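Participant: this one's structure only:
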């Protein structure tokens with residue numbers, strides 16, 4: 001290695017060490033500051049605030065024993081049942097809540113004061129359903145215990161349950177006037193009716209539950225479901241609670257947690273598109289990072305929110321305020337691959353509360369598909385739950401791809417044919433723009449023997465600049481733009497990226513078969529392997545293979561471009577399709593099917609374009625222009641001037 005290389009390696013090493021030290025210092029300071037704030041809250045007796053800050057400290061240093069111990073101690077004092085565990089905890093310990101029988105009555109470890117009578121009871125269930133969804137509402141916590149979407153099933157034809165089980169948390173946390181911590185999720189509500197089944201198929205129905213204190217004081221939940229709706233109205237009424245809830249509280253914490261079960265065949269793909277989204281009040285929609293490799297992704301939102309969505313690949317559970325939430329804290333945790341769950345979601349939302357007045361909070365709950373058509377009808381930018389990319393990629397999907405796709409759905413029954421027609425339409429639209437570029441590529445193929453001759457004329461490495469200048473002069477005299485062949489790819493890239501975003505989240509393709517693919521929304525498999533190949537998987541996707549082969553054939557037909565005849569560059573060009581074969585083997589078969597069709601159409605477009613190229617005419621133009629003096633461009637003059645400074649004479653004309 002020369003001195004410059006060694007210097008570069010040393011500098012990179014020093015930068016890496018410096019960044020590591022800086023990052024560690026930043027994390028240490030953040031952790032110490034959060035602990036100091038938490039200790040201050042703890043000393044003042046503000047236990048909820050102290051707990052929140054101890055949890056915040058773990059963002060900087062995960063699994064710190066002191067912080068974990070403090071959180072667990074506060075959980076006991078606040079009457080919380082969830083313990084914070086370190087990374088060595090087993091999956092069995094992390095999911096103990098699910099092992100409890102559905103009707104089990106938890107041991108009462110806290111004096112609930114005025115709510116003591118609600119601390120025990122029978123966990124009965126009430127069903128609220130219409131033709132779209134079926135909700136099981138538990139008296140314990142007054143919460144939605146499970147939600148089934150009727151029009152859909154899982155990949156193995158089981159009922160599609162968005163969530164289910166005692167592990168779900170859904171309720172308010174607050175302190176009473178006598179400083180007792182109350183969690184409505186752990187208390188027993190009473191039904192205000194004798195029915196256990198409410199059918200809202202024909203008309204709207206409501207389920208009313210009350211968490212009673214005493215002397216006509218209670219918290220009332222009212223769930224209202226209308227026909228043909230995935231949205232449930234959720235109204236909470238605090239009746240005469242001004243003497244019960246601590247008078248210094250101007251907000252309550254709404255606690256929502258749930259495990260998301262696996263519903264699709266491709267777990268990896270489903271994990272990649274499962275996240276939490278939230279909408280800032282009267283502002284944009286944001287989300288936790290998609291396809292994160294972290295065990296836990298979280299965000300603290302200090303500003304007002306309109307809604308929070310626990311999103312899976314094709315379905316979501318959403319809570320929406322008719323006014324706003326004051327703030328929020330959300331987290332998404334990965335689960336072990338051996339479990340039947342994809343993610344564990346949590347949300348703590350601040351709800352405005354006035355202790356001196358009657359409080360009725362109006363919210364909505366959405367349990368249904370991530371269908372842009374359905375979500376758009378509900379308003380409040382809910383359709384942005386479906387992530388279609390950013391900037392120009394999102395615009396292409398929303399204003400071009402989706403309208404055409406929806407229009408084709410009305411007339412074509414097969415989604416495989418819809419993708420074929422859509423691909424042809426895209427190629428037709430782009431063809432006038434790319435035709436001249438295809439011609440430029442074809443002309444360069446005609447000139448390739450002459451370019452090869454220049455390579456023989458300037459074989460030495462030190463003559464590389466002369467060879468480049470002579471090649472550019474050759475193209476210019478023949479009237480060929482060497483960069484023109486790049487234009488088709490540049491024009492197609494936004495479309496390719498738009499399709500990359502569109503197909504994996506398009507619920508219309510879910511469980512739709514085509515040819516050998518049983519589900520266009522996930523991978524197709526013609527062979528299941530008895531072993532797993534790293535990055536590739538344990539199956540063979542035929543559409544992915546066809547995509548790769550067609551890409552290689554198209555590249556071979558287009559031939560080499562300037563610089564691509566170098567061994568390293570040529571190897572890289574042919575390795576890229578193979579790399580994509582590994583990457584896309586687990587992706588939506590609709591996506592790889594589209595890429596395959598696009599390659600086939602590109603191949604025939606090249607064939608058609610070459611028919612319009614007369615090789616003799618191109619060579620005749622070259623010979624004619626050789627007789628004329630060529631005016632040097634500023635770029636060429638700059639290159640020649642640089643060459644002279646280095647002692648290199650430009651090639652003679």
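Facilitator: On my side now, so go ahead. Model, not experiment: these values are computed from the prediction. Numbering: from 1, shown residues only.
Participant: Just the mean pLDDT for stretch 509-527, thanks.
Facilitator: The pLDDT scores in stretch 509-527 average 90.
Participant: what sits up against stretch 187-201?
Facilitator: 112, 115, 118-131, 139-142, 205-212, 221, 225-227 (Cβ atoms under 8 Å, 6 or more residues apart in numbering). All C-beta atoms are positioned from the backbone trio N, CA, C, and that covers glycine.
Participant: Emit the ChimeraX select command for whichever of those residues are buried.
Facilitator: Of those, the buried ones go into a single ChimeraX selection, burial set by 16 or more other Cβ atoms under 10 Å:
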select :112,115,118,119,123,125,126,128,129,130,139,140,141,142,205,206,207,208,209,210,211,212,221,225
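Participant: So which of the contacts of stretch 187-201 are in strands?
Facilitator: For the contacts of stretch 187-201, membership in strands holds for 125-129, 205-212, 221, 225, with DSSP state E as the criterion.
Participant: Need the worst-confidence member of the residues you listed.
Facilitator: For the ones in strands among the contacts of stretch 187-201, the weakest pLDDT value sits at residue 212, with 87.
Participant: nearest residue to that residue other than its sequence neighbours?
Facilitator: Residue nearest to residue 212 in three dimensions, not counting chain neighbours: residue 218, with 4.6 Å by Cβ to Cβ, 6 or more residues apart in numbering.
Participant: That neighbour: how many residues sit nearby?
Facilitator: Residues lying near residue 218 (other Cβ atoms under 10 Å) number 20.
Participant: repeat for residue 179
Facilitator: Residue 179: 10 neighbours (other Cβ under 10 Å).
Participant: and it, what helix or strand is that in?
Facilitator: For residue 179, there is no enclosing helix or strand under DSSP states H and E.
Participant: What does residue 389 show for phi and psi?
Facilitator: phi 100, psi -180 (degrees, to the nearest 10).
Participant: who are the neighbours in contact with it?
Facilitator: 396, 397, 497, 498, 501.
Participant: Please identify the helix or strand for the fourth one.
Facilitator: This points to residue 498. Using DSSP H and E, the element containing residue 498 is helix 487-505.
Participant: Paired strands for whichever helix or strand comes after that helix, with orientation please.
Facilitator: Moving toward the C-terminus from helix 487-505, the first helix or strand encountered (DSSP H and E) is strand 527-533. Within its sheet, and counting by DSSP bridges, strand 527-533 is paired with strand 537-540 (antiparallel).
Participant: any residues touching the partner strand, and which ones?
Facilitator: The contact list for strand 537-540 (Cβ under 8 Å, 6+ apart) reads 523, 525, 526, 527, 528, 529, 530, 531, 532, 585, 586.
Participant: Return the distance of residue 430 relative to residue 403.
Facilitator: For residue 430, the distance to residue 403 equals 18 Å [Cβ to Cβ, to the nearest Å].
Participant: make that residue 264, sorry
Facilitator: With Cβ to Cβ as the criterion, residue 264 and residue 403 are 26 Å apart.
Participant: Settle it for me: which of these two has more neighbours?
Facilitator: Using other Cβ under 10 Å as the criterion, residue 264 and residue 403 rank with residue 264 on top: 23 against 11.
Participant: Contacts only, for the more buried one.
Facilitator: 154, 155, 270, 313, 314, 510, 521, 522.
Participant: So the fifth one sits against residue 509, correct?
Facilitator: This means residue 314. No: using Cβ atoms under 8 Å as the test, residue 314 is too far from residue 509 to be in contact (9.6 Å).
Participant: Now the common contact residues for those two.
Facilitator: With Cβ under 8 Å, 6+ apart as the test, residue 314 and residue 509 both reach residue 521.
Participant: tell me the contacts of the residue nearest to residue 212?
Facilitator: 210, 211, 212, 239, 240.
Participant: tell me the pLDDT at the last one?
Facilitator: We note a pLDDT of 83 for residue 240 in this prediction.
Participant: Against residue 215, how distant is it?
Facilitator: 8 Å.
Participant: Could you check which of the two has the larger neighbour count?
Facilitator: residue 240 (13 against 10).
Participant: List the residues that contact the more buried one.
Facilitator: 215, 216, 217, 218.
Participant: give me the number of residues near the third one?
Facilitator: For residue 217, the number of neighbouring residues by other Cβ under 10 Å comes to 16.
Participant: That one reaches residue 237, doesn't it?
Facilitator: No: using Cβ under 8 Å, residue 217 is not in contact with residue 237; the gap is 11.4 Å.
Participant: looking at the chain, which helix or strand does the model trust least?
Facilitator: Every helix and strand in the chain was compared by mean pLDDT, DSSP states H and E; the lowest is helix 91-94, with a mean of 36.
Participant: So which residues of the stretch 351-500 of the chain form helices?
Facilitator: 372-378, 392-396, 402-409, 415-457, 464-478, 487-505 (DSSP state H, counting those that start in this stretch).
Participant: buried ones in whichever helix or strand residue 347 is part of?
Facilitator: Element membership for residue 347 (DSSP H and E) is strand 341-352. Buried residues in strand 341-352, counted by 16+ other Cβ under 10 Å: 341, 342, 343, 344, 345, 346, 347, 348, 349, 350, 351.
Participant: And it, what does it pack against?
Facilitator: strand 251-261, helix 267-272, strand 305-311, strand 315-325, strand 328-334 (3 or more Cβ pairs under 8 Å, 6 or more residues apart in numbering; DSSP states H and E).
Participant: How about residues contacting that strand?
Facilitator: Contacts for strand 341-352 (Cβ under 8 Å, 6+ apart): 169, 172, 250-262, 267, 270-271, 274, 276, 305, 308, 310, 312, 319, 321, 323-335, 361.
Participant: Apply 6 Å and report the result again.
Facilitator: With contact meaning Cβ atoms under 6 Å, 6 or more residues apart in numbering, strand 341-352 is reached by 251-262, 270-271, 274, 276, 308, 310, 325-333, 335.
Participant: gap between that strand and the chain center?
Facilitator: Chain-centre distance of strand 341-352: 17 Å, with Cα atoms, centre = their mean, to the nearest Å.
Participant: Compute the inter-axis angle for that strand and strand 315-325.
Facilitator: 10 degrees (axes from the mean of the first three to the mean of the last three Cα atoms, to 10 degrees).
Participant: and strand 341-352 with strand 305-311, angle?
Facilitator: 170 degrees.
Participant: per-domain residue ranges of the protein.
Facilitator: 3-78, 115-382, 402-626 (automatic domain parsing).
Participant: ok, the closest residue to residue 113 other than its chain neighbours to residue 244 distance?
Facilitator: Excluding its sequence neighbours, the residue lying closest to residue 113 (Cβ to Cβ, 6+ apart) is residue 180, at 4.5 Å. Separation of residue 180 from residue 244 (Cβ to Cβ) stands at 10 Å.
Participant: Check residue 202 too.
Facilitator: 39 Å.
Participant: Please apply the same query to residue 342.
Facilitator: Taken as Cβ to Cβ, the span from residue 342 to residue 244 is 39 Å.
Participant: cool, residue 473 as well?
Facilitator: 89 Å.
Participant: doesn't residue 234 make contact with residue 361?
Facilitator: No: Residue 361 lies out of contact with residue 234 (Cβ atoms under 6 Å); the separation is 8.6 Å.
Participant: just to revisit the earlier point, save the buried residues of strand 341-352 as TSV, and put in pLDDT and distance to residue 135 too.
Facilitator: What follows is the buried residues of strand 341-352, written out as TSV (pLDDT from 0 to 100; distance: Cβ to Cβ, whole Å):
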residue	pLDDT	distance to residue 135
341	88	20
342	89	21
343	90	21
344	90	21
345	93	18
346	92	21
347	94	19
348	93	23
349	94	20
350	92	26
351	92	21
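Participant: dump the residue contacts of the closest residue to residue 184 other than its chain neighbours.
Facilitator: Of all residues not flanking residue 184 in the chain, residue 171 sits nearest, at 3.8 Å (Cβ to Cβ, 6+ apart). The neighbours of residue 171, taking Cβ under 6 Å, 6+ apart as the test, are 141, 184, 185.
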